[in-house]
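Engineer: Any chance you can model this:
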Amino acid sequence: MGVAAGPIRVVVAKPGLDGHDRGAKVIARALRDAGMEVIYTGLHQTPEQIVGTAIQEDADAIGLSILSGAHNTLFAAVIDLLKEREAEDILVFGGGIIPEEDIPPLKEKGVAEIFTPGATTVSIVEWVRENVRQPAASGG
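Structural biologist: Numbers count the residues shown, from 1 in each chain. From the prediction side, this is the model:
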């Protein structure tokens, strides 16, 4: 199992019928500014499209932004598809309007982290750096 070189690659996606992508774009930009490679899939992506993109792009993580209230279904669908396609090493994290009481069950299901609306881009970038694959130390 080779350690992937180069920057952390994150697919940022807006699943479902939710038309607001400002938050997702802000996160995508913050991750990019932090030196990561971001593949932003745009609005109205199905879980199948998101997982397909992540596998195709050899992503290390998928960041889902969900404001529509369908987070339980959508996170579960993405995680199930990753398992089906033997791509469980791709970390799934997310954010949006997600009630506190929904967070523990989502984490049990396999979501690595959930960021609620108060989360700063700095905290999200730091979390991704610390939790998504540790790049091999480069002599610099």
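
Engineer: contacts and neighbour counts: CA atoms only from here.
Structural biologist: Will do.

Engineer: could you point out which element follows the longest helix anywhere in the chain?
Structural biologist: Criterion DSSP state H: the longest helix present in the chain is helix 71-84. Next along the chain after helix 71-84, taking DSSP states H and E as the criterion, comes strand 91-96.

Engineer: Please identify the buried residues of the next helix or strand after that following strand?
Structural biologist: Next in sequence after strand 91-96, counting helices and strands by DSSP H and E, comes helix 103-109. Residues Ile103, Leu106 are the ones in helix 103-109 that count as buried (16 or more other CA atoms under 10 Å).

Engineer: Pull up the pairing partners for the helix or strand that helix 103-109 is followed by, direction included.
Structural biologist: Remark: after helix 103-109, the chain's next helix or strand is strand 113-115, criterion DSSP H and E. Using DSSP bridges, strand 113-115 pairs in its sheet with strand 91-96 (parallel).

Engineer: Touching the strand it pairs with from outside, list them.
Structural biologist: 60-67, 79, 110-117, 132 (CA atoms under 8 Å, 6 or more residues apart in numbering).
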